[in-house]
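**Student:** Whatever this is, show me its structure:
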Amino acid sequence: MSKIPVKNVTPEEKSLYVAREKIQVREIHGLFQKIRSYSLWGLMALFFATPWLTWDDRQAVLWDLPARQFHIFGITFWPQDFFLLSGLLIIAAYGLFTITNLAGRVWCGYTCPQSSWSFVFMWIEEKIEGTRNQRIKMDKAEMSKEKLIRRSAKHIAWFLLALATAVTFIGYFSPIRELVPNLVTFALNSWEIFWIGFFTVATYLNAGWLREQVCIHMCPYARFQSVMFDQDTLIVSYDEKRGEGEKGRGPRKKGVDPQAEGLGDCIDCSLCVQVCPTGIDIRDGLQYQCIGCALCVDACDSIMDKMGYERGLVRYTTEHELQGGKTNFFRPRLIGYATVLILMMSALVYAMASRTAVEVDVIRDRGALYQITPNDTVRNAYTLEMMNMSQHEHTYRVEVVGLPSSFTTDIPKLITLQSNELRAFPISLEVDPADLAVSKSNIKFVVYDEATQQEVSSEESRFIAPLN
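**Tutor:** Predicted coordinates:
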């Protein structure tokens, strides 16, 4: 029997199956680190503080799933407003496309929840276990009392932050002023217990243990970002022409002329690798693992300052600029993304502005097309449903348009609805058949706000009568 040939495995293919090496990120200070810190802590404060805000004696932002009401400050959305959510998701998608084509993965580096929580978990780790070198030394050391205490303190802090994150997130769906006391007194219902536990574990694992593995292997954005890139996309890049000399890069003393030594400006200190949260070497070129946080830019700039060289060996730039060309900001793809984004935003603003505060639905009686009354009039039965979607009580007046003036109805003269109240009214319309020219008439129920006397909504229906 012939043997099946075995393919030789290259080092690159073999590396896909190598166990993950823990990345110990080194702390660095600089312009982009400050920007990232401000955005990170600002988003954290926004996330944890928003559920505690109040608006008209209720939680300002609350997605009340059992009641099917979604409160966002002074606006309440209902299931029939789902198309607005669809529009918002499309806007978010095209916003991401536009930003990615313009400036690469800045979303990942500065505002992505996974990156933000991972950075906070790494900050906690550094405060408890020490600097990068101290953490590496601790990893290699045997278990001791000090190591046990520090590791335990770190994981306790991670767990508490994960728990706070989970409780806050569930607080957007269940009133947080009731949720927190119920958590303390162990009075949570089964669903609250499940989801708090689920998000606690998910946050603890994703931000504490998986970290860059989520960005590299689990996040789909890392895989399809390349289709939105072009040679004019602003990305974090290493200037190879400047960094590599005739003899490549290498260490040297301060004050040595690199050109005289045949070296580039890069002193091969590997600081750019030590500060990278995904553990890549930016000097190897553009890689899908790069999240655009620019910490390597701050690290390289600090070394350039110490060596007396010009900054920008690692910087935000484009492939065209690296090749000696000029960046073209007004390009068809970017203009197309931006145009669709602006159109969708305009459509959403228009939909929000034209959104009525009252929802009206008229349902014809399905049991009979019409009835002949003892007075020889034709009666049509309907169900009138009205919902006040505003935040205040309103009084409405309903009028019927499209029937002869002799018609009669039992619609209430005035209908008062509380905020977010839904009511249904069985109503009927009666018309003398002698006044009808056709057997089917198009009619409209028009709703007026009694306070302003302005039309706020309308609904079309039909009035049916016998032919003879």
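
**Student:** Assumed E430 was part of a strand.
**Tutor:** Yes - under the criterion used here (DSSP: H, G, I helix; E, B strand; the rest coil), E430 sits inside a strand.

**Student:** I'd assumed T373 was in contact with it.
**Tutor:** Yes - because the distance of 6.5 Å satisfies C-beta atoms under 8 Å, E430 is recorded as touching T373. For the C-beta atoms, the positions are set from N, CA and C on the backbone; glycine is no exception.

**Student:** any common contacting residues for the two?
**Tutor:** With contacts taken as C-beta atoms under 8 Å, 6 or more residues apart in numbering, the residues that reach both E430 and T373 are R379.

**Student:** In terms of packing, which of the two has more residues around it?
**Tutor:** Between E430 and T373, counted using other C-beta atoms under 10 Å, E430 has the larger neighbour count: 17 against 11.

**Student:** What separation is there between T318 and L102?
**Tutor:** As defined by C-beta to C-beta, to the nearest Å, T318 lies at a distance of 10 Å from L102.

**Student:** Tell me which of those two has more neighbours.
**Tutor:** With neighbours defined as other C-beta under 10 Å, T318 and L102 compare such that T318 has more, 21 against 18.

**Student:** got the contact list for the more buried one?
**Tutor:** So, once contact is read as C-beta under 8 Å, 6+ apart, T318 ends up touching Q231, D232, T233, L234, I235, S237, T327.

**Student:** Would you report the backbone torsion angles of it?
**Tutor:** phi -120, psi 160 (degrees, to the nearest 10).

**Student:** Which residue is the nearest non-sequential neighbour of it?
**Tutor:** When the adjacent residues along the chain are set aside, T318 lies closest to T327, with 4.7 Å between them (C-beta to C-beta, 6 or more residues apart in numbering).

**Student:** Now do the same for that neighbour: its pLDDT.
**Tutor:** pLDDT for T327: 90.

**Student:** wait, doesn't it sit right on H320?
**Tutor:** Yes - the pair T327 / H320 is scored as a contact, 5.5 Å apart, by C-beta under 8 Å.

**Student:** Now do the shared contacts for these two.
**Tutor:** Shared between the contact lists of T327 and H320 (criterion: C-beta under 8 Å, 6+ apart) are residues D232.

**Student:** tell me, what residue is most central in this protein?
**Tutor:** The C-alpha lying nearest the average C-alpha coordinate of the chain belongs to A92 (C-alpha atoms, centre = their mean; 7.4 Å).

**Student:** Can you show me the helices along the stretch 151-300 of the chain?
**Tutor:** With helices called from DSSP state H, counting those that start in this stretch, the stretch 151-300 of the chain shows them at 176-184, 190-203, 212-213, 221-224, 240-243, 258-261, 271-274, 295-307.

**Student:** What helices and strands are in contact with the third one?
**Tutor:** Helices and strands in packing contact with helix 212-213 are not found; criterion 3 or more C-beta pairs under 8 Å, 6 or more residues apart in numbering; DSSP states H and E.

**Student:** what pLDDT, on average, does it get?
**Tutor:** The average pLDDT for helix 212-213 rounds to 93.

**Student:** Over to the longest one?
**Tutor:** pLDDT averaged over helix 190-203 equals 97, rounded to a whole number.

**Student:** quick one, that helix and helix 176-184 angle?
**Tutor:** Computed by axes from the mean of the first three to the mean of the last three C-alpha atoms, to 10 degrees, the angle separating helix 190-203 from helix 176-184 equals 80 degrees.

**Student:** who's in contact with the residue nearest to I72 when sequence neighbours are not counted?
**Tutor:** Here the nearest residue to I72 in space, its sequence neighbours aside, is V61; by C-beta to C-beta, 6+ apart that works out to 5.6 Å. When the contact criterion is C-beta under 8 Å, 6+ apart, the partners of V61 are T50, P51, L53, H71, I72, F73, Y172.

**Student:** Just the buried ones among those residues, please.
**Tutor:** When neighbours are counted using 16 or more other C-beta atoms under 10 Å, the contacts of V61 contain these buried positions: P51, H71, Y172.

**Student:** Surely the first one touches T165?
**Tutor:** No - using C-beta under 8 Å, P51 is not in contact with T165, being 11.9 Å away.

**Student:** how does the chain divide into domains?
**Tutor:** Residue ranges of the domains in the chain are recorded as 22-355, 358-464, according to automatic domain parsing.

**Student:** how far away is the residue nearest to T318 from L341?
**Tutor:** To L341, T327 is 21 Å away according to C-beta to C-beta.

**Student:** V273 too?
**Tutor:** When distance is defined by C-beta to C-beta, V273 is 36 Å away from L341.

**Student:** and S441, what is it in contact with?
**Tutor:** Taking C-beta under 8 Å, 6+ apart, we find S441 in contact with G402, L403, R462, F463, A465.

**Student:** What's the PyMOL syntax to select whichever of those are buried?
**Tutor:** The command below creates a PyMOL selection of those among the contacts of S441 that count as buried (16+ other C-beta under 10 Å):
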select buried, resi 403+463+465
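
**Student:** Take the contacts of S441 and keep only those in helices.
**Tutor:** Judged by DSSP state H, helices contain none of the contacts of S441.

**Student:** JSON lines please, covering the contacts of S441 and showing pLDDT and distance to I136.
**Tutor:** Converted to JSON lines, the contacts of S441 look like this (pLDDT from 0 to 100; distance: C-beta to C-beta, whole Å):
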{"residue": "G402", "pLDDT": "92", "distance to I136": "81"}
{"residue": "L403", "pLDDT": "93", "distance to I136": "84"}
{"residue": "R462", "pLDDT": "94", "distance to I136": "78"}
{"residue": "F463", "pLDDT": "94", "distance to I136": "82"}
{"residue": "A465", "pLDDT": "91", "distance to I136": "88"}
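
**Student:** just the contacts of S441 now: which is nearest R252?
**Tutor:** Taking C-beta to C-beta as the measure, R462 is the one of the contacts of S441 closest to R252, at 88.7 Å.

**Student:** For the closest one, which residues count as its bridge partners?
**Tutor:** N442 (DSSP bridges).

**Student:** Distance check, I91 against L348.
**Tutor:** From I91 across to L348, the span is 6 Å (C-beta to C-beta).

**Student:** residues in contact with F425?
**Tutor:** For F425, the contacting residues are T383, L384, E385, M386, I411, P412, I415, taking C-beta under 8 Å, 6+ apart as the criterion.

**Student:** Just grab the bridge partners of it for me.
**Tutor:** Each beta-bridge partner of F425 is listed here, defined by DSSP bridges: L384.

**Student:** For it, give me the pLDDT.
**Tutor:** Reported pLDDT at F425 in the predicted model: 93.

**Student:** same deal with W117?
**Tutor:** W117 carries a pLDDT value of 96.

**Student:** That one contacts T165, correct?
**Tutor:** Yes - W117 is in contact with T165 according to C-beta under 8 Å; the separation is 7.1 Å.

**Student:** which residues are common contacts for the two?
**Tutor:** T203.

**Student:** sec struct for K127, please.
**Tutor:** Following three-state DSSP, the label given to K127 is helix.

**Student:** burial count for it?
**Tutor:** Around K127 sit 11 other residues, with neighbours defined as other C-beta under 10 Å.
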